[in-house]
Each structure stands twice: as structure tokens, then as C-alpha cells.
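Peer 1: sharing a sequence plus its predicted fold:
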Amino acid sequence: MRYLTFALGKGRLAKTTLGLFEKVGIRCEEMKDPDSRKLIFVNEEHKLRFFLSKGPDVPTYVEYGAADIGVVGKDTIMEEGRKLYEVLDLGFGKCTMCVCGPDSARELLDQGQLIRVATKYPNIAKDHFYNKKHQTVEIIKLNGSIELAPIVGLSEVIVDIVETGTTLRENGLHVLEEICPLSARMVVNQVSMKMENERISQIIRDIRSVL
Ligand code: PRP
């Protein structure tokens, strides 16, 4: 039996994912050591391997088959646009992709003015403004703390994730448009899904039964 390899996005989703895997008997104790610099972890008993990568790299590892299975946010799946199967909504990490900004931006947005949109998700922003709304905007890619952009005048609005709304509130910004709901998803390499169908289907069934 060959190893099945899991790619997990580092950060908020990783802990919950490991908790969920534990519930179905997929254990990887070593991975929980926060001081470890090890990159890959093996469960010899079940012939499984796990690694943590940056979230946006998870779909890349899965598309190329370096990982058979990945767990990653729907935002990243949409942004990366990789060829893979999205097989399960894991139901945690729930949040919403939104257009946000100060109250003053509402009018500019509604009038379809040529505004600047700062975001970590240029592809999602393009799809929303160009394909769905047929609105011309200038998209500016940032890498984090997106809420800063309208405050310091880099852009009129942002496209970003809203979870509790605290970041927006504390910075005087509002949700102006909702783009789509998000949550953690399980994704599978398209060839692995055929070649390892029995094992992967069983994992999907097991996880579904504890959701
Ligand atoms: C995300 C997102 C918002 C915030 C939303 O950022 O980009 O800034 O969380 O959460 P809230 O609605 O509960 O306040 P993250 O903390 O992941 O870091 P980043 O700014 O570096 O992207």
C-alpha cells in the first residue's frame, strides 16, 4: 500500500482539521508539537503522510499530485483556480468574502465609478467586478492587513474575508457587498481520486459521518 499524502494549510484551519481527523482515527501526534521544525509527518500504521504549507500552496500540491488530499479555505480554492476535486465542506472556518469600505465609498460603488480595490484575492475581485457586475475597477494586490488600504487612501474599497466583523468595526469600515460564503473544504487530486478511490472514498465517508 502506498502512502496517502495530506496537505494542510498552516494557521487557523490546521488545528481544527487535526481535531476532526482524530475523531475518525487519523492521528498524527508529532504534528501537534508547536516547537517542531519538521515539515512532514508520517502515520506508519495507516500509511498516511501529512505536511503543513502556506494555504495558497495547498491547491498547487494537490493539483500536481504531490499531495493526494488537501484541506484549505474556499477563498484559496477560488483564488488559485487549480484543477482538483472539491469533495467536502468541512463546515468550520465559516466566513464571508465581502467588498468593504467606509460609508463614503457606498455611493462611488453604486454609481459604478472607477474605484481602486485593494485585496489579497485579485482573481476573486476581478471575477466579482468584471464578470458578475460588469464594473471597471483598478485592482491592487496586497498581502495582509487589507483594512489599512482605505484608511490610508490606497484604495476606496477592499475585497476581504469577514469573520466576526471586529476588524472592520475597529477601523470604521462596513460590509458594502457580500460576494460569497466561505468555509474549509477538502480537496482531492483528480488522478488520486481514481487510483485510490476506495481509500479516499472511505476517508470522505468517515469524515462526513462526524461533521
Ligand atoms: C483576516 C481578514 C480580516 C480578518 C477578519 O485577516 O483578512 O482582516 O481576518 O476577521 P474578523 O471579521 O473576525 O475581524 P487575518 O487575521 O487572517 O490576517 P491578514 O490581515 O494578514 O490577512
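Peer 2: Cool, the structure landed. Numbers count the residues shown, from 1 in each chain.

Peer 1: show me which residues of the protein sit near the ligand.
Peer 2: Within the chain, the positions near the ligand by CB under 6 Å from any ligand atom are 120, 144-147, 160-167. C-beta here means a position set from N, CA and C on the backbone, and glycine is covered the same way.

Peer 1: do that again at 8 Å, thanks
Peer 2: The chain comes close to the ligand at residues 11-12, 95, 120, 143-147, 160-170, as judged by CB under 8 Å from any ligand atom.

Peer 1: are any of those buried, and if so which?
Peer 2: Cys95, Lys120, Ile146, Glu147, Asp160, Ile161, Val162, Thr167, Leu168 (16 or more other CB atoms under 10 Å).

Peer 1: reformat those as a markdown table; add secondary structure and pLDDT.
Peer 2: A markdown table is the format used below for these (DSSP: H, G, I helix; E, B strand; the rest coil; pLDDT from 0 to 100):
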| residue | secondary structure | pLDDT |
| --- | --- | --- |
| Cys95 | strand | 98 |
| Lys120 | coil | 98 |
| Ile146 | coil | 98 |
| Glu147 | coil | 98 |
| Asp160 | strand | 98 |
| Ile161 | strand | 98 |
| Val162 | strand | 98 |
| Thr167 | helix | 97 |
| Leu168 | helix | 98 |
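
Peer 1: out of those, flag the one nearest to the ligand.
Peer 2: Closest approach between those and the ligand, by CB to the nearest ligand atom: Thr167, at 3.3 Å.

Peer 1: strands of this structure, start to end?
Peer 2: 4-9, 40-43, 48-53, 69-73, 85-89, 95-101, 116-119, 138-141, 157-162, 174-182, 184-188 (DSSP state E).

Peer 1: and stretch 32-51, what's buried?
Peer 2: Phe41, Asn43, Leu48, Arg49, Phe50, Phe51.

Peer 1: how about Lys83: what's its closest non-neighbour residue?
Peer 2: Take Lys83 and drop its neighbours on the chain: the residue closest to it by CB to CB, 6 or more residues apart in numbering is Glu63, 5.3 Å away.

Peer 1: confidence score at the one you found?
Peer 2: If you check Glu63, the pLDDT there is 98.

Peer 1: tell me who's in contact with it.
Peer 2: Arg82, Lys83, Leu84, Asn189 (CB atoms under 8 Å, 6 or more residues apart in numbering).

Peer 1: hang on, the earlier thing: deepest of the strands of the chain, which one?
Peer 2: strand 69-73 (a mean of 28; mean count of other CB atoms under 10 Å).

Peer 1: relative orientation of that strand and strand 184-188 in degrees?
Peer 2: Per axes from the mean of the first three to the mean of the last three CA atoms, to 10 degrees, the angle that strand 69-73 makes with strand 184-188 is 150 degrees.

Peer 1: contacts for strand 69-73?
Peer 2: When contacts are defined by CB under 8 Å, 6+ apart, strand 69-73 is touched by residues 4-9, 13, 17, 55, 58-59, 61-62, 84, 90, 93, 182-189, 192, 200, 203.
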